[in-house]
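A.B. asks: Provide a 3D model corresponding to the input given below.
(2 chains)
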Amino acid sequence: MSGEGQAGAVLGGLAESEQLEQRTQPGRDRPRRGLGRWLLPTYVTIAFAFLMIPIVYTFVFSFNDSVKSNIAWRGFTFDKWLNVCNVEGGAVCQAFGNSILIGVVATVLATTLGTMIAIALVRYRFRARSAISLLLFLPMATPEVVLGAGLAAQFLAVGVPKDMVTIILAHTMFCISFVVVTVKARVASLDPALEEAGRDLYGSPAQVFWRVTFPLLMPGILAAALLSFALSFDDFIITNFNSGSVSTFPKYIYISAARGIPAEANVIASAVFLFAMILVITVQVSRAAREKRLAKLS
Amino acid sequence: MAFAAFATAEAQPQAPRKRSAIALVLLAPGIAYLVLFFLTPLVSLLLTSLQVQSEFGDIGEFDYGFNWQNYVDVVTAYWPHILRSFGYALVATILALVISYPIAYFIGVKARSKPLLQGILLVLVIAPFFISFLLRTLAWKQVLSDESFIITSLKALSLMAPDAHFTGTPFAVIFGLTYNFIPFMTLPLYTTLERLDLRYLEAGGDLYASPATVFRKITVPLSMPGIVAGTLLTFIPAAGDYVNASRDFLGGPGTQMMGNVIEANFLVLLNYPAAAALSIILMAAILVLVGIYVKRSGTEDLL
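C.D. replies: As a prediction, this is how the structure comes out:
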């Protein structure tokens, strides 16, 4: 349940909210005078400014003409953006590359396994249902230190050396439950009549799945994949216990924190931030546009 | 959000569930994976926590045994860290709830008639997730360092003693935990407040309840699922966190939490049984707290 994960959850939420057919009508807002009217908007503005401070700081200091540690402001430069990989023999970029690779593999594994479970949970009857629900819920309610230490203890007991593979195994594990939750909501909202129509038209079970069910589940699956990637990419605690000498982007920051983070790390973080924001805004805007189109049709 | 989804997922009408061999095929790989990499590790952790130092072994070599003494040892050695973990997490959770509720209320209720504003605000709430959690925490360390503008101005205004520090104190750790988990609190609160039927509030007002009474007797009870989900999503990771309390981030020597000593025992001192025993204590305490809390707040359909 580390930081970035919730971002994907909101994407998941976006996918879900399409299904809310009709919202309750907003009630008449009683007009209020004076202070009361401005109190809440003012508070919210201040709260958002507070939330944004570290983001703005990180972004601004990616342009700092720093020499080693990136603490005091020494002047504006584009150098760090243009030569990201030139510091410390490319250690930052190496760590970033590892994080991307681990994130992609863990996302593919967790999304596949999680989607299968989600379909089974909604569609089929089977024994030990409550035990399985508990098994899916527990990893989300377990602190990351416990998950990390547990896996590390097991790898130690079995004698598995810690490397990239152990990190991927660990990340897949904690992503599965989040995938199940996200995809399950989508499966539950699926109209069974659509699949029935497919069968009535003599579609084989495989055809019905790949041509009807799967495309309809796609928004949920995509949201789950984004969530998994975000969770994996920003995970530090579990990774720290199971990485051995392999570096990831968060681990690189943790280790360099003692001697000072180079501005290049701010560059990578800012670039990732901008990319993710553009992605989210595109999703939002295209959804709004689609809703408008649908509204016109009906 | 995850908890919220668990609480609200079963609403839609469903086609009758079938019993089929396909279910087994769909479930087996994922469940096997979780048994292998989630359940078995917990068992490993339990076994490790009972190990004894091997008689002729090096540092970090242990034999399996039933050494309950490990638990007594870690509690005697680390009780301040254990208390600190739960204390800091509790304060941070309450602060995050108080800070987040008005934000969630504004986005979910006041901004309901303006979808564009609502969308922008939601993106802003999740924006911190897109920048590394560690870098955000380090940014606060710089923004609130002794030489920073904020701290020097506070000192100039005599709001802070001239020789006082902010980073390295318990306040800084709680501040960091609160900041980092505000989005975790805001999102589930928003999800329930967004569905709040405003006609109930109007009815309360029509029956001559003051706005405060309406809030206390109608809004808060109706948003309980969000409050439960948000406080759990904040409290659990906050109690196990060790980044904020770390000396290189917002903490100092006197702010170490359970996570810090688990990390130190496991990765530095190679005292695996001590780290395992502490992890088991943390896990057990959280399960008990969550169980009681969920039962008392009446949201038992979390599973």
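A.B. asks: which one is the residue in the stretch 1-150 of chain A positioned nearest to chain B nearest to, not counting chain neighbours?
C.D. replies: Across the stretch 1-150 of chain A, the shortest distance to chain B (Cβ to the nearest Cβ) belongs to A:Pro143, at 2.7 Å. From N, CA and C alone the C-beta is placed, and that goes for glycine too. By the measure of Cβ to Cβ, 6 or more residues apart in numbering or on different chains, the closest residue to A:Pro143 outside its immediate chain neighbours is B:Gly240, 2.7 Å from it.
A.B. asks: State the number of residues packed around that neighbour.
C.D. replies: 26 (other Cβ atoms under 10 Å in any protein chain shown).
A.B. asks: dump the residue contacts of it.
C.D. replies: Contacts for B:Gly240 (Cβ atoms under 8 Å, 6 or more residues apart in numbering or on different chains) come out as A:Pro143, A:Glu144, A:Val145, A:Val146, A:Ile237, B:Ser85, B:Met258, B:Gly259, B:Leu282, B:Ile286.
A.B. asks: Serialize the residues you listed to JSON lines and add fields for distance to A:Phe174 and neighbour count.
C.D. replies: JSON lines is the format used below for the contacts of B:Gly240 (distance: Cβ to Cβ, whole Å; neighbours: other Cβ atoms under 10 Å in any protein chain shown):
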{"residue": "A:Pro143", "distance to A:Phe174": "11", "neighbour count": "27"}
{"residue": "A:Glu144", "distance to A:Phe174": "8", "neighbour count": "23"}
{"residue": "A:Val145", "distance to A:Phe174": "12", "neighbour count": "31"}
{"residue": "A:Val146", "distance to A:Phe174": "11", "neighbour count": "28"}
{"residue": "A:Ile237", "distance to A:Phe174": "10", "neighbour count": "25"}
{"residue": "B:Ser85", "distance to A:Phe174": "20", "neighbour count": "29"}
{"residue": "B:Met258", "distance to A:Phe174": "19", "neighbour count": "29"}
{"residue": "B:Gly259", "distance to A:Phe174": "16", "neighbour count": "30"}
{"residue": "B:Leu282", "distance to A:Phe174": "16", "neighbour count": "25"}
{"residue": "B:Ile286", "distance to A:Phe174": "16", "neighbour count": "22"}
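A.B. asks: can you give me the helices in the stretch 151-300 of chain B?
C.D. replies: For the stretch 151-300 of chain B, the helices defined by DSSP state H, counting those that start in this stretch cover B:170-194, B:198-206, B:211-214, B:220-222, B:224-240, B:258-263, B:272-296.
A.B. asks: counting contacts, what elements does the shortest one pack onto?
C.D. replies: Secondary structure elements in contact with helix B:220-222, counted by 3 or more Cβ pairs under 8 Å, 6 or more residues apart in numbering or on different chains; DSSP states H and E, are absent; no helix or strand qualifies.
A.B. asks: Show me which residues of it are buried.
C.D. replies: By neighbour count on 16 or more other Cβ atoms under 10 Å in any protein chain shown, the buried set for helix B:220-222 is B:Leu222.
A.B. asks: avg pLDDT for that helix?
C.D. replies: The average pLDDT for helix B:220-222 rounds to 90.
A.B. asks: Under the pLDDT cut-off, which ranges of chain A? List them.
C.D. replies: A:1-36, A:298 (pLDDT under 70).
A.B. asks: Longest helix of it, counting residues only.
C.D. replies: helix A:263-297 (DSSP state H).
A.B. asks: tell me which residues in that one are buried?
C.D. replies: Across helix A:263-297, burial judged by 16+ other Cβ under 10 Å covers A:263-270, A:272-273, A:276-277, A:280, A:283-284, A:287.
A.B. asks: is any part of it close to chain B?
C.D. replies: Yes - with Cβ under 8 Å from any Cβ of the partner chain as the criterion, chain B is reached by helix A:263-297 at A:Ala265, A:Asn266, A:Ala269, A:Ser270, A:Val272, A:Phe273, A:Ala276, A:Met277, A:Val280, A:Ile281, A:Gln284, A:Ala288.
A.B. asks: what's the answer for stretch A:62-82, then?
C.D. replies: Yes - against chain B, stretch A:62-82 shows contacts by Cβ under 8 Å from any Cβ at A:Ile71.
A.B. asks: Need the residues that contact that stretch.
C.D. replies: Taking Cβ under 8 Å, 6+ apart as the rule, stretch A:62-82 contacts A:Phe61, A:Arg259, A:Gly260, A:Ile261, A:Pro262, A:Ala263, A:Glu264, A:Asn266, A:Val267, A:Ala269, A:Ser270, B:Gln142.
A.B. asks: Between these, which sits nearest B:Leu222?
C.D. replies: Nearest to B:Leu222 among these is A:Ala269, at 38.8 Å by Cβ to Cβ.
A.B. asks: Which residues are in contact with that closest one?
C.D. replies: Shown in contact with A:Ala269 (Cβ under 8 Å, 6+ apart): A:Thr58, A:Ser62, B:Ile131, B:Ser132, B:Leu135.
A.B. asks: Quick check: the closest residue to the fourth one other than its chain neighbours vs B:Ala77, distance?
C.D. replies: This points to B:Ser132. Once flanking residues are discounted, B:Ser132 sits nearest to A:Ala269: 5.1 Å by Cβ to Cβ, 6+ apart. As judged by Cβ to Cβ, to the nearest Å, A:Ala269 and B:Ala77 stand 37 Å apart.
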